[in-house]
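Chemist: Quick one, structure for this:
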Amino acid sequence: SIKNKMSIPSQALDAMKPIMDFAHARPLAFAAGTHVAFCLSRFLFSLRGKSLSQIKKDILELVMGALAVVPGAQGAIDEEERKIVAQMKEKVIKDVGGPVHASMPKKGLSRDEVLGALKQWADAETTWKDGKVSGTVYHGGTDLTKIIVGAFEQFALSNPLHVDVFPAIRKMEAEVISMTADLFKGSKADVCGSLTSGGTESIVLSVRTHKVMAQQQRGVKKPNIVVPITAHAAFDKACDLMEIELRHFSVDNEFRANVAEASKLVDRNTILVVGSAPSFPQGVIDPIRDLAKLAQSVGAGMHVDCCLGSFLLPFSRKIGRTGPDYNFDVDGVTAISVDTHKFGFAPKGSSVVLYANPEIRKFQFFVMPEWTGGIYATPTIAGSRPGALIAGAWAVMSNLGQAGYEKCAKEIMEATDKILQGISAIPDLKILSKPDLSVICFESNLPSMNILHIGDEMSARGWSLNTLQNPTSIHICVTLVHAAPGVADQFVKDLEESVAACKKAGSGQYKDGMSAIYGMAGSVPAGMVSSLAKSFLDVLYSA
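Modeler: Sure, this is the predicted structure:
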């Protein structure tokens, strides 16, 4: 027996007696204390290898979780959140004039009143025309906008769900997909795809397609996808929607996917490996060829996210720019997402998800053969879709042609070169990684100068740039509006002035603005940030 094999010293028994007496007298308190001690030890063990800032956030999250069960504490937390939400409303909900409809008017407005209100609001939302916005508006020029409007007018009521009623929309959709596939297929003849509502839908569909394919072909029941930390959050959304395990891996010093780290995460349940061309934060192209080879080693698919690269990537190569491989000529690439509404200059709500062959695309389609309303089959998530967007995309691509896109690519890349050179010449700033396309990401080169404060100074000068985190930085996505005369020079001039202003600023000067928001987000638990972000989304729906 154990008693015969193990002898407990009497001193140890004497030391344990008070503990055992307490456990006998107050069993619930003893159990609770033991559980807390166990959880605390696990928590302390989890902090190994983490940065000081992350440790502070983890401790704060533990404290906030404990406070939530303290009587009255949650109420105080909720009150602070209400104050922040009130500040959000004050900043976001602006009086833009014109009619206000919290409920439908009993008597409708006249045609002139409706169009007058729309014109008033549109005339006030033109700041992007000065070229002071990063990305956001991918404007191909006034003439192109008129062509889009013409397409909308002609096909405002069309719906590709009904191909018998709208055969021209079917034709245009097929041709938009074919023209896009032609830019990315390389030497592969079977590349095909679907037109979607945007990059997020393209990514969600690709993830679903590879999930279904892995289930049917390999019997995968617990799928996972492996993505770099710089990949678009749409992959997180896709996994959240479909309950797929998401495995993030790190990037190297140039912010490109670290293939060695990715190799530790793939297994027989991996359905998809992801690479960006380029990534949204730092604008660099991941090592697609190496990632695709890794995907093949476990029988997984390989998705190249080229939503941001869009048409600028293939046309930059046509004008002589070089860079890493990215298209279907890379062995193992099974899907590519391309936003036609970015550097394709199509109207917003237009993207294409491409597949290596029709056999893969079939796993994307949804069919309900026994519905009482008839056989229901759709290629993408939506049923009814706006044919006007399809017509707009077809019109833009047909009008510009390859020569037009090459001209745009040349102008955008020249503007990118000028801005990159200007930022590099400012000694107090540092380019995080040499861009592969038109996204330039930079940070402060001085420990005493917060890059977010520079962002606030640029905002005060009319610029709307992208604020990034992990690491804290700023980027500008150069588009055709930045190629207009004087815009690139003005950006560099304003940036120089912003740096100088930050170096002279006193303490407390930047208590508002994006630096305050991201400063807070970087120091509080993710759960609290998520709660505030959801409250912000609620605010947006305030009528």
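Chemist: If you drop the residues flanking it in sequence, what lies closest to Leu183?
Modeler: Setting aside the residues directly before and after it, Leu183 is nearest to Pro314 in space (CB to CB, 6 or more residues apart in numbering), at 4.3 Å. For every residue, glycine as well, the C-beta is placed using N, CA and C.
Chemist: Run through who's touching the helix or strand harbouring that neighbour.
Modeler: Counting by DSSP states H and E, the element that carries Pro314 is helix 312-318. Contacts made with helix 312-318 from outside it, assessed by CB atoms under 8 Å, 6 or more residues apart in numbering, are listed as 183-184, 277-278, 306, 323, 326-327, 342-343, 402, 405-406, 408-409, 412-413, 437-438.
Chemist: Grab the longest helix from this protein for me.
Modeler: When secondary structure is assigned using DSSP state H, the longest helix within the chain turns out to be helix 387-424.
Chemist: That one packs against which elements?
Modeler: Packed against helix 387-424, as judged by 3 or more CB pairs under 8 Å, 6 or more residues apart in numbering; DSSP states H and E, are the following elements: helix 142-155, helix 167-184, helix 312-318, strand 429-431, strand 439-444, helix 487-504.
Chemist: how about the second one: buried residues?
Modeler: Taking 16 or more other CB atoms under 10 Å as the basis for neighbour counts, the residues of helix 167-184 that come out buried are 169-170, 172-173, 176-177, 179-181, 183-184.
Chemist: following that helix, which helix or strand shows up next?
Modeler: Scanning forward in sequence from helix 167-184, with DSSP H and E defining helices and strands, the next element found is strand 192-196.
Chemist: Alpha carbons of the next helix or strand after that following strand, in CSV - could you do that?
Modeler: As assigned by DSSP H and E, the chain's next helix or strand after strand 192-196 is helix 199-218. Backbone C-alpha positions of helix 199-218 (Å, rounded to 0.1, in the frame of the first residue of the first chain) are rendered in CSV as follows:
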residue,chain,number,x,y,z
GLY,A,199,-12.6,42.0,-50.1
THR,A,200,-14.2,40.7,-46.9
GLU,A,201,-16.7,38.6,-48.8
SER,A,202,-14.0,37.4,-51.2
ILE,A,203,-11.9,36.2,-48.3
VAL,A,204,-14.9,34.6,-46.4
LEU,A,205,-15.9,32.7,-49.5
SER,A,206,-12.3,31.4,-50.1
VAL,A,207,-12.1,30.2,-46.5
ARG,A,208,-15.5,28.5,-46.8
THR,A,209,-14.5,27.0,-50.1
HIS,A,210,-11.3,25.5,-48.7
LYS,A,211,-13.2,24.2,-45.6
VAL,A,212,-15.8,22.4,-47.7
MET,A,213,-13.1,21.0,-50.0
ALA,A,214,-11.0,19.7,-47.1
GLN,A,215,-14.0,18.1,-45.6
GLN,A,216,-15.0,16.3,-48.7
GLN,A,217,-11.6,15.4,-50.1
ARG,A,218,-9.6,14.8,-47.0
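Chemist: between the longest helix of the chain and strand 439-444, how big is the angle?
Modeler: Put simply, helix 387-424 runs at 40 degrees to strand 439-444, going by axes from the mean of the first three to the mean of the last three CA atoms, to 10 degrees.
Chemist: what about Ser433, neighbour count?
Modeler: Burial of Ser433, expressed as a neighbour count using other CB atoms under 10 Å, amounts to 21.
Chemist: Can you add mean pLDDT and distance to Ile77 and give the helices and strands packed on helix 387-424 back as a markdown table?
Modeler: Output for the helices and strands packed on helix 387-424, formatted as a markdown table (pLDDT from 0 to 100; distance: least, CB to CB, whole Å):
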| stretch | mean pLDDT | distance to Ile77 |
| --- | --- | --- |
| helix 142-155 | 97 | 48 |
| helix 167-184 | 98 | 49 |
| helix 312-318 | 98 | 45 |
| strand 429-431 | 97 | 38 |
| strand 439-444 | 97 | 33 |
| helix 487-504 | 96 | 33 |
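Chemist: what's the most buried one of these?
Modeler: Compared across the helices and strands packed on helix 387-424, strand 439-444 shows the largest average neighbour count, a mean of 23 (mean count of other CB atoms under 10 Å).
Chemist: pLDDT below threshold where in this protein?
Modeler: Under the criterion of pLDDT under 70, the regions of the chain flagged as low confidence span 1-74, 506-508, 511-525.
Chemist: for it, what spans make up the strands?
Modeler: Per DSSP state E, the chain has strands spanning 192-196, 224-228, 245-249, 270-276, 301-306, 335-338, 351-355, 366-368, 376-378, 429-431, 439-444, 466-468, 473-477. These are given in chain order.
Chemist: The ones you listed: which one's closest to Gln282?
Modeler: Taking CB to CB as the measure, the strands of the chain were each checked against Gln282, and strand 439-444 came out nearest at 4.5 Å.
Chemist: Counting by contacts, list what the closest one packs against.
Modeler: For strand 439-444, the packing partners by 3+ CB pairs under 8 Å, 6+ apart are helix 387-424, strand 429-431, helix 451-460, strand 473-477.
Chemist: okay if I get these as a markdown table plus distance to His139?
Modeler: Formatted as a markdown table, the entries for the helices and strands packed on strand 439-444 read as follows, by distance: least, CB to CB, whole Å:
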| stretch | distance to His139 |
| --- | --- |
| helix 387-424 | 10 |
| strand 429-431 | 26 |
| helix 451-460 | 21 |
| strand 473-477 | 13 |
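Chemist: Which one, of these, ends up nearest to Ser263?
Modeler: Nearest of those to Ser263, taken as CB to CB: strand 473-477 at 27.6 Å.
Chemist: Pull the residues that contact the closest one.
Modeler: Strand 473-477 is touched from outside by 134-135, 281-283, 308, 419, 432, 438-443, 451-452, 454-455, 458, 465-468, 482, 491, with contacts defined as CB under 8 Å, 6+ apart.
Chemist: The residue nearest to Gly383 when sequence neighbours are not counted and Tyr376: what is the separation?
Modeler: Spatial nearest neighbour of Gly383, chain neighbours left out: Leu161 (5.8 Å); criterion: CB to CB, 6+ apart. From Leu161 over to Tyr376 the distance is 10 Å, taken as CB to CB, to the nearest Å.
Chemist: repeat for Leu183
Modeler: With distances taken as CB to CB, Leu183 is found 32 Å from Tyr376.
Chemist: got it, and Glu457?
Modeler: Glu457 is 55 Å from Tyr376, where distance means CB to CB.
Chemist: more crowded one of the two?
Modeler: Taking neighbours as other CB under 10 Å, Glu457 and Tyr376 compare with Glu457 leading, 23 against 13.
Chemist: can I assume that one is in contact with Ala501?
Modeler: Yes. Using CB atoms under 8 Å, Glu457 is in contact with Ala501, at 5.1 Å.
Chemist: Mind exporting the C-alpha coordinates of stretch 287-304 to CSV?
Modeler: The C-alpha atoms that make up stretch 287-304 are tabulated as CSV, following Å, rounded to 0.1, in the frame of the first residue of the first chain:
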residue,chain,number,x,y,z
PRO,A,287,7.1,35.1,-49.5
ILE,A,288,4.2,33.6,-51.4
ARG,A,289,6.3,30.8,-53.1
ASP,A,290,7.6,29.5,-49.8
LEU,A,291,4.2,29.7,-48.1
ALA,A,292,2.6,27.8,-51.0
LYS,A,293,5.2,25.1,-50.8
LEU,A,294,4.4,24.8,-47.1
ALA,A,295,0.7,24.6,-47.8
GLN,A,296,1.3,21.8,-50.3
SER,A,297,3.3,19.8,-47.8
VAL,A,298,0.2,19.2,-45.7
GLY,A,299,-2.4,19.2,-48.6
ALA,A,300,-3.8,22.6,-47.8
GLY,A,301,-4.8,25.4,-50.1
MET,A,302,-2.9,28.7,-50.5
HIS,A,303,-4.7,32.0,-50.5
VAL,A,304,-3.0,35.2,-51.7
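Chemist: Which residues outside it are in contact with it?
Modeler: Around stretch 287-304, the neighbours that count as contacts under CB under 8 Å, 6+ apart are 203, 206-207, 210, 213-214, 218, 226, 256-257, 259, 262-263, 266-268, 270-277, 324-327, 330-337, 360.
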